[in-house]
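> test case, fold it:
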Amino acid sequence: MNVLIVESRAELGKIWKSHLERLGAQVWLVTSQDDAVSLLRATVFDVLVLDLVLKDGSAMAIADFASYRQPGAKAIFVTNTSFFSDGSIFQHCSNACAFVQSETPPDDLAAMVEHYGRHEPI
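Residues are numbered from 1 along each chain as shown. The predicted structure follows:
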């Protein structure tokens, strides 16, 4: 399972990355929209973990690009704000599969990534 984490706070992203790697995932961690788009052009991802409020770029733009470039990739949005707390993120992003608070325990976030990153048998 390939996972892209886009998180402005690199230390938080590193915590998530280590939890996912323990589950056997290949994980890339970047802090900007430009770096995320570059990776989306070069690598196929199963799940994106996107900080909704990035310091450098837009998580919505990353999700939109991913839905065009990699329509099978699921997007999990994380935030420490009340933006989209009404669930409307699912109306705005066709690849959104979860919306959680940044303070979600890393094990719980890893379990969600594992769940949405699983490939169904054919």
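
> rest of the way, CA atoms for contacts and neighbours
OK.

> show me where pLDDT drops low in the chain?
Under the criterion pLDDT under 70, the flagged ranges of the chain are 82-91, 119-122.

> can you pull out the strands in it?
Secondary structure of the chain, counting by DSSP state E: strands at 2-6, 26-30, 47-51, 74-79, 96-101.

> okay, the ones you listed, which one's buried deepest?
Comparing these by mean neighbour count (mean count of other Cα atoms under 10 Å), strand 47-51 comes out on top with a mean of 27.

> packing partners of it?
Strand 47-51 sits against strand 2-6, strand 74-79, helix 106-117, with contacts defined as 3 or more Cα pairs under 8 Å, 6 or more residues apart in numbering; DSSP states H and E.

> still on that earlier bit, can you lay out the strands of the chain as a markdown table showing distance to Ile62?
Conversion of the strands of the chain to a markdown table gives the following (distance: least, Cα to Cα, whole Å):
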| stretch | distance to Ile62 |
| --- | --- |
| strand 2-6 | 9 |
| strand 26-30 | 12 |
| strand 47-51 | 8 |
| strand 74-79 | 10 |
| strand 96-101 | 12 |
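
> quick one: closest of the helices and strands packed on strand 47-51 to Phe45.
Comparing the helices and strands packed on strand 47-51 by their distance to Phe45 (Cα to Cα), the top pick is strand 2-6, with 4.8 Å.
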